[in-house]
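*Asks:* Provided below are the primary sequence and the corresponding predicted coordinates.
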Amino acid sequence: MSGYAELHCLSNFSFQRGASSAQELFERAQRLGYRALAITDECSLAGIVRAKQAAKGSDVALIVGCELRIEAGPKLVLLVENLSGYQRLCQLITLARRRADKGRYRLLREDLQTPLEGLLAIWLPDQQHEDGHWLQTLFPQRLWLGVELHRGPDDAGRLAELLVLAEQTGIPAVACGDVHMHARGRRALQDCMTAIRHHLTVAEAGQYLFANGERHLRRLDELRELYPPELLEESLRIAERCRFDLDDLKYEYPHEVVPKGETPTTWLRHLVEQGAHKRWPKGVTQKAREQLEKELQLIAELKYESYFLTVHDIVAYARRQHILCQGRGSAANSAVCFVLGITELDPLQEGRRLLFERFLSRERNEPPDIDVDFEHERREEVIQYVFRRYGRDRAALTAVVNTYHGAGAIRDVAKALGLPAQQQGDLADCCGRWTDRLPSPERLREAGFDPESPALRRVLALTDALIGFPRHLSQHPGGFVISERPLTELVPVENAAMAERTVIQWDKDDLDEVGLLKVDVLALGMLTALRRCFDLIDAIAASAGPWRRYPRKTRPPTR
Amino acid sequence: MRWACILLPQLALDHALRQRDDPQAPLALLSGPANRRVLQTINGAARDLGLRPGMALTAAQLLSRDFATADYDLAAVERCQQFLAAWAYRFSSQVSLHYPRALLLEVHSSLALLGPWPRLEARLRAELDSLGYRHRIVLAPNPAAARALANAHDGLAVAEHELPRAIERLPVNRAGLPGEMATALTRMGLRQLRQVLQLPRAGLARRFPPVLLEQLDLLLGHRPLGLDFYLPPDEFATRIELNFEVESHQALLFPLRRALGDLAAYLAGRDSGVQRFSLALEHRSGAPTELKVGLLAAERDAGMLFELTRARLEQLQLPAPVLALVLTARDLPTFVPECRELFDPRPQQNQSWDQLRERLRARLGDEALHGLNAHADPRPEQAWRPHPGMAPPLSDRPRPGWLLAEPQPLREPLAHILTGPERIESGWWDGGDLRRDYYRVETRNGQRAWVFRGAGTDEPFQLHGWFA
């Protein structure tokens, strides 16, 4: 049996540690003939959906996992075997992340005392070797000893030492790579990231840098030189056991939106009937009836009923609280949204031609996206309503992955390479804002730099590699994920920068991929202005008579 | 209270003789205006030639030409007194220069530490002999009596109850009285103080100025004598003039040894060491040549200071002949003597590490010796920096004790490889990217070497260092 599965690999979602994207990692793993690749970012599953997309296009199987450092304890890699293991991993990551500030985590020994079936563990011992027995009690028959050799001062000695340890403790040994990048050539970027992480220049960060570029996806013949064959085979055995796929995740809408005795379909139809009568009190035209039927059929086919019901529920609450709100965008093309009161524009009015298919169609193969604006001063009330109704464990905001853009990347790289602050600023200016392209040589020459100088070429090469890499997770302004089961069964939840806010580790593109639906609760300042306007008008109208004859047409029905 | 008086009858002469190579040669100190130089003092050898103090120089030169002359330098005498006070400070914390050319020491408090008086006296005499000063030492219950007794005696120790008898036996002209008073008393037939003391005080008070009675009271201890005590200065400076212009280093060594001996004596008195001092060599014209000596720790051993200064002096180029030597030391930290074990396992010839370090610095130059400090860089060449202190580099990776400045091809035949390859790929940020596989190997001679070759290649090994 030949082949290898890499079980300890960081992608660039281990911020400022991993120097390659999941796409690059899977491409290389495919080229080298790996059987499987585990993406084990540090206490995070933020990059796992992208990894799944990358794995889809290759023959290399994806194993979901993460790397964890226990406080005052050993370092572990946890790999997911099945769905319940995945759920336990999400809960563990949530626990560790919620305990610490944004961007950090704290995992204590007690946290591992919960049952951990479905998770396989690889122990990465450093200098102390005492934790073996304790870990064996936590992961009976599911623990391995990770042997990582990177052409250090005495590989042979280290290997012998670890094999003896494996023998003594009875833990089988497996070969791992501690992979931080896909190819050896990325070590410059990886060193830069290490320097950035420690707020030093690369020249000063010597003690934190890796001494060589061995922590990449190595060729099989190189691995055979370094590791005994049993250790490589053991990796394949572990990979065999990990059968979990993200497609196994089952997402359910919260059941509250549908009252007892009804199904989402029947309830939606009921609400649509009610709303149609309210909107067209003079009677529902034939055209409107046909349109509504068409839409309801499509919605039922694509199974998006609960989504509409959830949005309707939020909007109904806002209306009850007299918070001004309205839907916008392509949702305005839908008659169902109109009758449910989500949007305010009648798509069927004479003279209007609004295409429903722009909003939802079979061919688009995308979930509908209903953006609802609320008056910004009172949006917080709506958000709190969502949290209250569904609970903090079942509703959370989505994340946004901030990536490196041109100016930020070049500034960080220049700082890491020790350029003075003035030059960092000048280079960032050359890049311009909101661009993901490197500055042109003419632009650099204008600013007084010599694009041919080796120092500047280094800066540009590293910046080019860094642009597009994720930088950190931040909170989406108003995108919610609400689920029937606790969210931590689907995805880990961590603290946001704002107090009392929690985010899931996936962003909206990831949610689309996995099939979770998101509801946007957005704020619009203009609505606040309008609200104040109406209040003023009403106050005046209440006191002065002629104002009551305010023309109907221009006054939108808001109450 | 017991006071010792050390009288230095020939201070100026002794001081001049100290600076000369041969103290036995005839020497006369001259004073007086330039057109009429007079012999102020002479030494024994000059006396043998027939010279006498007070003789005019021209007259003396008629008698003989074989004697050396030097100026009777009051300033030099003053400095000499200060130096001797500093020396005496080792033995007593109350030293006074109240009387010219004499040292008064209160020794009662020192006797507990330095032994009974005979032992202390012997030590004082021995040291004064080695410094080269003639002396007379007397011990008495009060300072004035000690000084007066020193006029007539040497080696006398008078206890409290013996004092009146000793004072009585003093001749009047040796009692410390003003000259005319002593002459007047002698003419009256009073030759010994006993006779003066028998006279009624009222009568003496009427006929003589009050200073007579004061002096008698001082001598008998009925009146205390107010003394100014010597305070050691915070710097040391001494100047030695040479007899003739000196061009070679060899001839400078003798005065240098003297100057450093004085410095050591001074330091011992102050209980401090010296860490920096400077030697200025004066020429006839132009600025003096400065030799600054800096030590890594405070020292005060005369021999060691001499060795170190000599080594540095030998490397100095003298631009012009030297006329005088000035040694100044301003920085005098407290001296902490080296701990010595009771049974010293070191053989006698071994030097301590500090001494060796100083000698190496003296011989090779101050910049030649430095410690190592670790620098965080994966590349071995960049992993250390010179450091003035002794901080040893810490590393969790085994590194050779001796790293060659430039890697060389390995010529010794290889026995086998011990560990390796250790791959080092780093240093891209300053253009010094290196990619090497390092191995620890044992050669056939049994030496352990650190060798490398290009990463992943089969090139011949390059030697980069040796393990101990």
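*Replies:* Arrived safely, thanks for sending.
*Asks:* surely residue B:232 and residue B:89 touch.
*Replies:* Yes - look at residue B:232 against residue B:89 with CB atoms under 8 Å: they come within range, at 5.6 Å. (C-beta placed from N, C-alpha, C; glycine too.)
*Asks:* compute the number of surrounding residues for the residue in the stretch 451-559 of chain A that chain B sits nearest to.
*Replies:* In the stretch 451-559 of chain A, the residue that lies nearest chain B is residue A:454 (6.2 Å; CB to the nearest CB). Look at residue A:454: counted by other CB atoms under 10 Å in any protein chain shown, it has 10 neighbours.
*Asks:* if I look at the residue nearest to it when sequence neighbours are not counted, what pLDDT would I see?
*Replies:* Distances taken as CB to CB, 6 or more residues apart in numbering or on different chains place residue B:431 nearest to residue A:454, at 6.2 Å, with adjacent residues excluded. If you check residue B:431, the pLDDT there is 80.
*Asks:* quick revisit: quick check: the residue of the stretch 451-559 of chain A closest to chain B touching residue B:432?
*Replies:* No - with contact defined as CB under 8 Å, residue A:454 and residue B:432 do not form a contacting pair (11.6 Å).
*Asks:* and the residue in chain A positioned nearest to chain B, how many neighbours does it have?
*Replies:* Nearest residue of chain A to chain B, counting by CB to the nearest CB: residue A:206, 3.2 Å away. By other CB under 10 Å, 21 other residues sit near residue A:206.
*Asks:* so what's residue A:187 up against?
*Replies:* Shown in contact with residue A:187 (CB atoms under 8 Å, 6 or more residues apart in numbering or on different chains): A:19, A:181, A:210, A:212, A:213, A:216, B:425, B:428.
*Asks:* spell out which parts of the stretch 351-500 of chain A neighbour chain B.
*Replies:* Counting by CB under 8 Å from any CB of the partner chain, the residues of the stretch 351-500 of chain A close to chain B are A:417, A:418, A:454, A:458.
*Asks:* tell me, how many residues neighbour the last one?
*Replies:* Translated: residue A:458. For residue A:458, using other CB under 10 Å, the count is 18.
*Asks:* that one against residue A:419, yeah?
*Replies:* No - judged on CB under 8 Å, residue A:458 makes no contact with residue A:419 at a distance of 10.5 Å.
*Asks:* in chain A, which spans are strands?
*Replies:* Using DSSP state E, the strands assigned to chain A run over residues A:5-6, A:36-42, A:61-69, A:75-80, A:119-124, A:143-148, A:173-176, A:325-328, A:371-375, A:395-403, A:470-482, A:493-495, A:502-507, A:518-524.
*Asks:* could you list the low-confidence segments of the chain?
*Replies:* As the question left the chain open, I've gone with chain A. Within chain A, the ranges that satisfy pLDDT under 70 run A:1, A:350-351, A:353, A:365, A:544-559.
*Asks:* chain B, not that one
*Replies:* Ranges of chain B meeting pLDDT under 70: B:338-341, B:343-351, B:387-395.
*Asks:* pick out the residue in it sitting closest to chain A.
*Replies:* Minimum separation of chain B from chain A (CB to the nearest CB) falls at residue B:376, amounting to 3.2 Å.
*Asks:* let me have the strands of chain A in TSV, adding mean neighbour count as columns.
*Replies:* Shown next, in TSV, are the strands of chain A (neighbours: other CB atoms under 10 Å in any protein chain shown):
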stretch	mean neighbour count
strand A:5-6	26
strand A:36-42	26
strand A:61-69	23
strand A:75-80	24
strand A:119-124	24
strand A:143-148	24
strand A:173-176	25
strand A:325-328	22
strand A:371-375	22
strand A:395-403	21
strand A:470-482	20
strand A:493-495	24
strand A:502-507	26
strand A:518-524	20
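*Asks:* which residues of chain B lie near chain A?
*Replies:* With CB under 8 Å from any CB as the criterion, chain B comes near chain A at residues B:375-378, B:382-383, B:397-398, B:419, B:421-426, B:428-431, B:437.
*Asks:* just the buried ones out of those, please.
*Replies:* B:375, B:377-378, B:382-383, B:419, B:421-426, B:428-430, B:437 (16 or more other CB atoms under 10 Å in any protein chain shown).
*Asks:* which of those residues lies closest to residue A:170?
*Replies:* residue B:419 (28.4 Å; CB to CB).
*Asks:* what lies in contact with the strand or helix carrying that closest one?
*Replies:* Secondary structure from DSSP states H and E places residue B:419 in strand B:414-426. Residues from elsewhere that reach strand B:414-426 (CB under 8 Å, 6+ apart): A:150-157, A:184, A:187, A:191, A:209, A:211-214, B:377-380, B:397-398, B:433-444, B:446, B:448, B:455, B:461.
*Asks:* tell me which helix or strand comes right after the helix or strand hosting residue B:111.
*Replies:* Per DSSP H and E: residue B:111 is located in helix B:108-114. Next helix or strand after helix B:108-114 toward the C-terminus (DSSP H and E): helix B:117-131.
*Asks:* domain ranges for chain A?
*Replies:* Chain A breaks down by automatic domain parsing into domains covering A:5-247, A:405-467.
*Asks:* tilt between the longest helix seen in chain B and helix B:117-131?
*Replies:* Criterion DSSP state H: the longest helix present in chain B is helix B:249-270. Orientation check (axes from the mean of the first three to the mean of the last three CA atoms, to 10 degrees): helix B:249-270 against helix B:117-131 gives 150 degrees.
*Asks:* name the helices or strands packed onto helix B:249-270?
*Replies:* helix B:74-88, strand B:236-246, strand B:274-283, helix B:302-314, strand B:322-331 (3 or more CB pairs under 8 Å, 6 or more residues apart in numbering or on different chains; DSSP states H and E).
*Asks:* name the residues of the stretch 1-150 of chain A found near chain B, please.
*Replies:* So the stretch 1-150 of chain A meets chain B at residue A:150 (CB under 8 Å from any CB).
*Asks:* for the stretch 1-150 of chain A, which segments are assigned as helices?
*Replies:* Under the criterion DSSP state H, counting those that start in this stretch, the stretch 1-150 of chain A contains helices at A:22-32, A:48-56, A:83-98, A:132-138.
*Asks:* tally of neighbours for residue 71?
*Replies:* If you meant another chain, say so; for now it's chain A. Residue A:71 is flanked by 13 other residues according to other CB under 10 Å.
*Asks:* that answer is for a different chain, and I need it for chain B
*Replies:* Neighbour count for residue B:71, taken as other CB under 10 Å: 14.
*Asks:* related to what we said a few turns ago, widest-spaced pair of the residues of the stretch 351-500 of chain A next to chain B?
*Replies:* Of all the pairs that those form, the one spanning the most space (CB to CB) is A:418 and A:454, at 14.0 Å.
*Asks:* got the contact list for the one residue sitting closest to the centre of chain B?
*Replies:* Geometric centre of chain B, nearest residue: residue B:263, 1.8 Å, by CA atoms, centre = their mean. For residue B:263, the contact set (CB under 8 Å, 6+ apart) comprises B:236, B:238, B:274, B:277, B:302, B:305, B:327, B:329.
*Asks:* closest to residue B:14 out of those residues?
*Replies:* Nearest to residue B:14 among the contacts of residue B:263, with distances taken as CB to CB, is residue B:238, at 15.2 Å.
*Asks:* surely that closest one and residue B:79 touch.
*Replies:* Yes - counting by CB under 8 Å, residue B:79 is a contact partner of residue B:238 at 7.3 Å.
*Asks:* who has more neighbours, these two?
*Replies:* residue B:238 (20 against 15).
*Asks:* run through the bridge partners of the more buried one.
*Replies:* In this entry, residue B:238 is beta-bridged to residue B:327, by DSSP bridges.
*Asks:* gap between it and residue B:251?
*Replies:* 18 Å (CB to CB, to the nearest Å).
*Asks:* same question for residue A:24.
*Replies:* According to CB to CB, residue A:24 and residue B:251 sit 80 Å apart.
*Asks:* just give me the neighbour total for residue 195.
*Replies:* Since no chain was named, I'll use chain A. By the measure other CB under 10 Å, the count of residues near residue A:195 is 26.
*Asks:* think we crossed wires, I meant chain B
*Replies:* 14.
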